Every structure is written in structure tokens, then in C-alpha cells.
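K.L.:
coordinates only, sequence not included:
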């Protein structure tokens, strides 16, 4: 059929002499739907992609083609190509910001290094210096007009999965977590007897020190849920594992600058088989308090003890209702797809971050946004 | 950042001994949203991809991963791997159908060879034999349970473009047509003085002969618009170039088996700068008469004299309203994206049929469908 179909095209050209060249007169029209009454493209939400591996030319090209013009990125001297400079320096931040600008993208959220360190999370010697460095990061981001930092409260063991090549729909590869796979692992003792109370005290100390600075500089702190949201892994407590925990965190320092990265997949995997988070309700609860600063749009099947990640259209969450909730709260901040399945022909070297999987995810998200924006709802 | 992010994942594994293995307990759940009240996944429409180049393993794998399980394909002895067999034989049709079934896909529409030939369209010697062959095709398709044939009325010059590598959003490559590029081409004389009236007479002769057979065997004929929809190219008239023409065609033999391939892009490019087709209205007009049998979901910018194809979310058509119209008419037939831009890293060898571009298109279409299905509209 290759031959036949192409033959038709080529025959047309051959028989008629139609040249395969010649300019057309249409300019590129960005956001062609913006003129439609009561509809703002993408609901006014700033769609982004994550670039944890620096500038990947094919990925940035695909972003521009999809009209997804926000970048979520670390800032550090390596990415800035400024060896020896401090990661939190204005020089580094400016260089990283400019690198994205040259790609046609806008750096909207800092996610990744410089990470908030273990000393702060575990009250180890040097904690105040780490916090000072974080405050310097805040100040310098502000000077460069970057206003959102995604951070987490998972020391020692960050996000974790027990499988990264689980076969999902059509054989696409996804990551998963099964608590039984780690139940016999030995406790980690070298940081003493860590308790949830200690972790909360440390978080409180951090927030009391940092939030006033974030307020002063207009930078929004966006705490990511613990992932997986179980109580502990090998004796290292995990405290940001429920909606209630986030309410408690927000009460420590009530301010719109003390906010949340609403990772849908993490919230969706909270709870057990008897009680789980209603995602649209959670979005509305936090959204009405203006503390959702950044959204990771993804989904799972299962709960905190045993879950797997899914295609965006195949998980447990009512994604349309979630999108309606973002519209209802007037969310206009940065949102990125997260943890897409690795699809056919793509490498699973970076589980969850297949470039190709992102195309399907962004298409689906944009369609949902249009549905929410244009439907009478 | 590569190192850092992966380091975190790997550090978790290293420090805790979490094994990167172990089965999870969730079965693959197809159509997770089907349980939601008043919502049927994909609006009950049968999403398909076109396979003009036979079975492409990566593409079929991506189809299964996207949960797009319909195939639009030619039937011919080459594709059936049955050299010497007639293209319209039941043996060939059965073999092609089974080849798709083995891929996990359902052959829903015949598009491509065996094409309806020039003798029928131009009243050349052998016309009745060609028509007999077409009727045999209908009968044998029916015996194999395949009920839709997409055909066209463009002799000599089929679909044509004057550019196939026009730079579109973000540098993605699209096809376009500019009538000025062909205005000085010499007329094609060897078929005599072809007029629209002659073309209509020939179409009438064909429909009168074939529609009763289509009715008898329950096979839906789906006539594709002429593309580009201009009056003629080098003296070869093009008659299926307006909504009015399709109304006229339907009146020749009123029957639900005498229907349309509603190629949105072709209908959207009809007309000139002063008058163009309202796509949702056209869908409703034909849909209420139950004659839309197959949809090519795509879009353009421009009109019949000068247009370019676009990303599905960047053209002139109100795609959400179009999808609402399909819902309103109760369309449950096959639909496929068409003419996607060639995106970064993909080959432009098959302009309009970049596999990668299809991912974004299908994601967007599914999101739109969900928006239409779940919104209060």
C-alpha cells in the first residue's frame, strides 16, 4: 500500500507537474481559539514540561510544536555551564533562565537541584547553613523573576518505586510500588530514632525560617507529597502522606507563599483500600486557600500500599472533574504532565519521562482543558 | 540533572535494597471511565488509525497503547501476502482482516486499493467491468463482516498538495495547497472535453448501479470530498467540492448506504474568503440523515485556493463544537485522525502520516471526547 498511496501523490505531481514547492501565505497562528467567547486556551493554565536532564533538543522542539512553552528545571552550575559557581547564585539562575529563553521556553518552576538537603530535614549539624542557602536561592530567583520552587520533605529515601518496567496498556512500561517488596528490608539506623514528631518539628523549624523570606520576595514554596505516601520506609518516617498532613503543614505558617505542589498521582495513591482522596475535592479545598502553586498532572491505579502509574486516560481519577476543579478555583499556574508510560520504540532509560509518551499526555490534557473551557459546566 | 535525578532513584534502591522487580496486582483496566454515569468512553465512536503502508509494528503497538483499536486499511493481494489472488476476493479480504485481528485491531473501513478506477469516473471502455468488480468487493466485504468503504470521485489527479514540507507551529512540517502554483500548468486533453456535467452523469451511473447492491449487502459507501476542493485541475473537473454537491449526490440515490466520508479538513477548506463551510452545522445536516459513515478528523487554515494543514488544536475549525455535533447526531462509527504534522525527530517520508504526530492528535481527540461526554452540554 506504501507504493499505491505514495504513487497517487506522486502520480498527481508527475502528471500535472504540480511543483512540490512554493510558499503559502498563512502566518503561524498561536492559540487560534483565543477569540472564542468565554474560552481561554488551556484555561489560562501554564502548560510546562519537566527537563531534568537539561536541554534535550528533540524534546524542546516537540514542546514548541505542541505549544507547551513552560519549562520546569533545576538550576545549578552544571546546567548553567558555569563550573565553580554556586548553584543558588544569581549568575547561575540567570544563565539557566536564559538558556530556556533561547529555546523559546519560559523557566517557570525550579524542581530538582539545588535540593533542600538532609541536614534540614533531619536536624543535622549544618542545618542553618542549608536553610540560609535556600533563602539565598529564594532571593536570587526573585531577582530573576522566577516565582515557584517545588521541594519535598523526603530525606534519605526520596521518591521510590519497586518496579520501573511493569507492562501496562498495550505493553507500555510503567512504574509501580508494592510495599510487600520492601517489608523485610533492614531499618536505617544511622540517623537515630527518627519519629514523625521529629520530622514535623524539623519541618516547622524550616517553614518558620523560610516562609517570611518567601513572602518578602514573592516566591511561592510548593511542597511535594511524599511518594509513595506510606508512613515510613526502613524506619525513615514519611509525614507528607495525607490531605490532613498538608492541612497541618499549612497551619504552621499560614501564607499563600507556603503552598503545595499538587501531584495528583501522589494524592491519588494516598490512603488504603477503604479510604482514598477525592481529587477534585482536594483541589477545591487547597485551591480556595490559594496554596496550589504547581500541578503534576498524572494518575495511578491502587493505593499507598500497592500502586502502579497509568496513562493519563486510564487511571482511577476522574481527570475531567479534576480539570473542572482547577478551572473552578481559577488556577492559572504552571502544570506539567508527570510519569508518562514509556511507549513503543522509546527508551525506558528514564522511566516516567519518555518523550514520546508526553505527546499523548499533552494532547489529552489540552483536549480536556478545551472540554472544560467550552462546555456549559 | 540526569545524574542527580537518577541518582535519587538509584540511591533509594541502593540504600534500601528495594528490588527493581516484583509483580503488582492490578489488572489492565480498559476504559476506566466507562462506569461513570452518562459517559461512554470516546462517545462510543470507534477510534481508528490509517495503515496505508501495511502493518507497521511500532505503529500498531502505539495504537494498542493508546487504546485505539480500529484499523483503516486497503485490501489487496499484496497486503494479504497472496500474490495472484484478486484484490476483491473473499480470500484476500479474510486474510487482511485476520492480519489486523492478530495485531489486536479490528479492520473497520476499507480505504485505498482496490480503488474505484478511472474507467468508471470517466466513462471509458471497461467501465461496467470495473463496477462489477466493485460490487464483488462489496459482497465479499459483507461476507467478512466489514461494512464501510471509503472511495472518492477524483480521476487522474487524486488528492494533491503543492508543498509537503511547509514549516508550521514550532517548525513541524505540514502539507499545503496554493492554486497559484498550478495556474500555468497545461490542460490534460487525452480524456476529451471533460465537464462537470459529464462527471455527474458518470457518478449517477455508478451510484444507480452500486447503491442497490450496497443496500442489499449492508455495506456503507462513504464518498470522500475532492481534495483540494477546487473546480478543476488542468482541465480535470472536480465535482465533490461543496456541501451542495454532497446534497446533490445524496439525492441521486437516497439511502443510508449512499453516504459520506466526512473529511473535516476537506470540508473546512471548501469555499473562498467570503463563504466557508460551518463544520458543526454540516455534521448535523448530514448526520441527521444518517449518511456520515466515516470521519477524517483534521483541520486546515485557509480556503480552497490556498490552505495549509494544521495541528488538530491549531486550525480554523471549532473542534469542540464539531465533536459536540458528532455526539448530537449519535455518531458511533469509525473516526480517524488525518494528516498530522511531522514532528521533531520523525521522518517526513510520509507527509501527513507521521506516527509520532498521531500520538498528540489522538490524545487531543480523546480529551475532547471526554470533555463533550462529561460536560453539561
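P.N.:
Right, received. Where do you want to start? Predicted model, so just to flag it, every value in this text is computed and none were measured.

K.L.:
count of residues packed around the residue lying closest to residue A:165 once chain neighbours are set aside?
P.N.:
Leaving aside its sequence neighbours, residue A:165 sits nearest to residue A:173 (CB to CB, 6 or more residues apart in numbering or on different chains; 4.8 Å). For the C-beta atoms, the positions are set from N, CA and C on the backbone; glycine is no exception. The tally of other residues near residue A:173 (other CB atoms under 10 Å in any protein chain shown) stands at 22.

K.L.:
swap in residue A:124?
P.N.:
15.

K.L.:
check the one 10 residues further on too.
P.N.:
Residue A:134 is surrounded by 24 other residues when neighbours are defined as other CB under 10 Å.

K.L.:
you'd agree it is up against residue A:210?
P.N.:
Yes. In terms of CB atoms under 8 Å, residue A:134 counts as a neighbour of residue A:210; the distance is 6.1 Å.

K.L.:
for the residue nearest to residue A:165, phi and psi?
P.N.:
phi -100, psi 130 (degrees, to the nearest 10).

K.L.:
hang on, it packs against residue A:161?
P.N.:
No. Applying CB under 8 Å, one finds residue A:173 not in contact with residue A:161, separated by 11.7 Å.

K.L.:
between the two, which contacts overlap?
P.N.:
residue A:351 (CB atoms under 8 Å, 6 or more residues apart in numbering or on different chains).

K.L.:
tell me if stretch A:113-121 is near chain B.
P.N.:
Yes. With CB under 8 Å from any CB of the partner chain as the criterion, chain B is reached by stretch A:113-121 at A:113, A:115.

K.L.:
is the most centrally placed residue in chain A bridged to anything, and to what?
P.N.:
Computing the C-alpha centroid of chain A and ranking residues by CA atoms, centre = their mean puts residue A:296 first, at 3.8 Å. Residues in a beta bridge with residue A:296, per DSSP bridges, are residue A:263, residue A:336.

K.L.:
swap in residue A:309?
P.N.:
With DSSP bridges as the rule, residue A:309 is bridged to residue A:300.

K.L.:
that one: how many residues sit nearby?
P.N.:
30.

K.L.:
show me what contacts it?
P.N.:
Residue A:309 neighbours (CB under 8 Å, 6+ apart): A:168, A:174, A:175, A:176, A:265, A:298, A:299, A:300, A:315, A:339, A:341, A:352.

K.L.:
what pLDDT does it get?
P.N.:
The confidence metric pLDDT takes the value 97 at residue A:309.

K.L.:
again with residue A:99
P.N.:
97.

K.L.:
list the contacts of stretch A:210-223.
P.N.:
Under CB under 8 Å, 6+ apart, the answer for stretch A:210-223 is A:109, A:131, A:134-135, A:138-139, A:141-142, A:146-153, A:240, A:246, A:249, A:253, A:255-261, A:293-294.

K.L.:
just the buried members of the residues you listed?
P.N.:
A:109, A:131, A:134-135, A:138-139, A:141-142, A:146-153, A:240, A:246, A:249, A:253, A:255, A:257-261, A:293-294 (16 or more other CB atoms under 10 Å in any protein chain shown).

K.L.:
might you report the residue contacts of the residue nearest to the centre of chain A?
P.N.:
Counting by CB under 8 Å, 6+ apart, residue A:296 has contacts A:224, A:261, A:262, A:263, A:264, A:265, A:266, A:335, A:336, A:337, A:338.

K.L.:
buried ones from those, can you make that a PyMOL selection?
P.N.:
Buried residues within these, by 16+ other CB under 10 Å, are selected in PyMOL with:
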select buried, chain A and resi 224+261+262+263+264+265+266+335+336+337+338
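
K.L.:
looking at the contacts of residue A:296, spot the one nearest residue A:44.
P.N.:
Checking the contacts of residue A:296 against residue A:44 by CB to CB gives residue A:335 as the nearest, at 10.8 Å.

K.L.:
quick check, pLDDT for the closest one.
P.N.:
98.

K.L.:
check contacts around it.
P.N.:
A:45, A:46, A:47, A:48, A:294, A:295, A:296, A:297, A:326, A:365.
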